[in-house]
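>>> structure, please.
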Amino acid sequence: MLNKPRILVASPASSASNNGNWQTAYRWGQFLGARYHVGITKQWDRASPAPDALIALHARRSADSIAAYAQTGRPLVVVLTGTDLYRDIRHDDDARRSLQLAHTLVVLQDAGLDELPAALLPKTVVIYQSAPPLPPLPAGDGVFDVMMVGHLRAEKDPLTFMRAAMQARAPGLRFTQVGGALDDSLGRQAEDTAARCPAYRWLGALAHDAARALLRGSRLLAVPSLMEGGANVIAEALASGVPVLASDISGNRGMLGADYAGYFPAGDAAALARLAERAATDPAFEQRLRAQCAARLPLFAPERERAAVLRLMDNALTQHRTTP
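Numbering: from 1, shown residues only. Just a heads-up that it's a prediction; the model follows:
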């Protein structure tokens, strides 16, 4: 089709940042590219040609793009991140304005709906992020690797992971942290922990494929975040048969389910260490986690996300064409 509609994805994160928001923008661009002309930009303003629709990631950080594009009257989709849902829309006027301007809101797990005013729910959809299934890789002999994947910043709570590594005592347990230090003090603490704790290593920022390969060779993924919109790394772990230990927060519950056995109180390093020790020494418990994760896996199938994203934009453009 020569006259494909043009869709622009506004993402404050770039490929260089290699974070969850960028992975979402890139993946959605791939899904939509079969049917639309798709571009990705950090920001859109009225000096640029207006696409037929705009998908903006992050209500606060993309607020200028959202406000500018809203003036065109064309379809405007806003994808809400963890900091949007669990912080910014409560306190930030720009983020709240973005919610009102959007024609459609997207949350990345169903517990995110609970954070929105009831008046906005009719224009909100849930789209779970996906990951292609890749088989697990062999773990090192005698090593029970617990991975944390994510840049070192306060919202991800990497200190709880470091402290858990210091406290865990089960033989063979190793805590491996992947991610660049967006906070210099957290980077220094990671270096200090690695120097003092043989069970902990910090590998710094890695390319996405390299990080996922390490995840595939691990026994557990730890997600100790204080807020999450819907961590894509959880989908990646489940798609490789790697169970998860997660902080008991709304965004993680929306991904793993209310009855999941691998939760610990947010910020509680001792509880994380105990769960890691139990998984390393109790095969029945590890198998229970695997079974619960396997039951959630269909939510994160690429074909499911692809269909939902295409349906989202097909509906948005069709509604725009038929609205007087």
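>>> how near is Tyr26 to Gly39?
Tyr26 is 12 Å from Gly39, where distance means CB to CB, to the nearest Å. All C-beta spots, glycine's among them, are computed from the backbone N, C-alpha and C.
>>> between these two, which is the more surrounded one?
Tyr26 (17 against 13; other CB atoms under 10 Å).
>>> helices or strands up against the host helix or strand of that one?
Assigned by DSSP states H and E, Tyr26 falls within helix 20-32. Here helix 20-32 touches strand 6-10, strand 37-41, strand 53-57, helix 232-238, helix 302-322, going by 3 or more CB pairs under 8 Å, 6 or more residues apart in numbering; DSSP states H and E.
>>> dump that helix to PDB, restricted to CA.
Output of helix 20-32 as PDB, limited to C-alpha atoms (Å, rounded to 0.1, in the frame of the first residue of the first chain):
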ATOM      1  CA  GLY A  20      12.600  -0.800  29.100                       C
ATOM      2  CA  ASN A  21      10.900   2.200  27.500                       C
ATOM      3  CA  TRP A  22      13.200   2.000  24.500                       C
ATOM      4  CA  GLN A  23      12.600  -1.700  24.100                       C
ATOM      5  CA  THR A  24       8.900  -1.000  24.100                       C
ATOM      6  CA  ALA A  25       9.200   1.700  21.500                       C
ATOM      7  CA  TYR A  26      11.400  -0.400  19.200                       C
ATOM      8  CA  ARG A  27       9.300  -3.600  19.600                       C
ATOM      9  CA  TRP A  28       6.000  -1.700  18.800                       C
ATOM     10  CA  GLY A  29       7.700   0.000  15.800                       C
ATOM     11  CA  GLN A  30       8.500  -3.500  14.500                       C
ATOM     12  CA  PHE A  31       5.000  -4.700  15.000                       C
ATOM     13  CA  LEU A  32       3.400  -1.700  13.300                       C
END
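>>> who touches it?
Residues outside helix 20-32 that contact it (CB atoms under 8 Å, 6 or more residues apart in numbering): 7, 9, 11-15, 38-40, 55, 57-58, 79, 81, 108, 129-130, 150, 208, 231-233, 305-306, 309-310, 313.
>>> cool, stretch 65-73 as well?
Stretch 65-73 has contacts (CB under 8 Å, 6+ apart) with 10, 43-46, 50, 54, 56, 59, 76, 78, 94, 97-98, 101-102.
>>> and the strands in the protein?
6-10, 37-41, 53-57, 76-79, 104-107, 124-126, 144-149, 173-178, 200-202, 220-223, 244-247, 263-264 (DSSP state E).
>>> buried residues, stretch 144-162. List them.
Under the neighbour-count criterion of 16 or more other CB atoms under 10 Å, stretch 144-162 has 144-153, 155-162 buried.
>>> send me that stretch as PDB with only the CA atoms.
Output in PDB follows, covering the C-alpha atoms of stretch 144-162 (Å, rounded to 0.1, in the frame of the first residue of the first chain):
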ATOM      1  CA  PHE A 144      22.900 -20.800  41.500                       C
ATOM      2  CA  ASP A 145      22.800 -17.400  39.800                       C
ATOM      3  CA  VAL A 146      20.200 -14.800  40.800                       C
ATOM      4  CA  MET A 147      20.100 -12.000  38.200                       C
ATOM      5  CA  MET A 148      19.000  -8.400  38.400                       C
ATOM      6  CA  VAL A 149      18.700  -6.600  35.100                       C
ATOM      7  CA  GLY A 150      18.100  -2.800  35.100                       C
ATOM      8  CA  HIS A 151      20.100   0.400  35.200                       C
ATOM      9  CA  LEU A 152      21.100   1.500  38.700                       C
ATOM     10  CA  ARG A 153      18.600   4.100  39.800                       C
ATOM     11  CA  ALA A 154      16.500   4.600  42.900                       C
ATOM     12  CA  GLU A 155      13.200   3.300  41.400                       C
ATOM     13  CA  LYS A 156      14.800  -0.100  40.700                       C
ATOM     14  CA  ASP A 157      16.100  -0.300  44.300                       C
ATOM     15  CA  PRO A 158      19.500  -2.000  43.400                       C
ATOM     16  CA  LEU A 159      20.600  -1.600  47.000                       C
ATOM     17  CA  THR A 160      18.200  -4.200  48.200                       C
ATOM     18  CA  PHE A 161      19.700  -6.600  45.700                       C
ATOM     19  CA  MET A 162      23.200  -5.800  46.900                       C
END
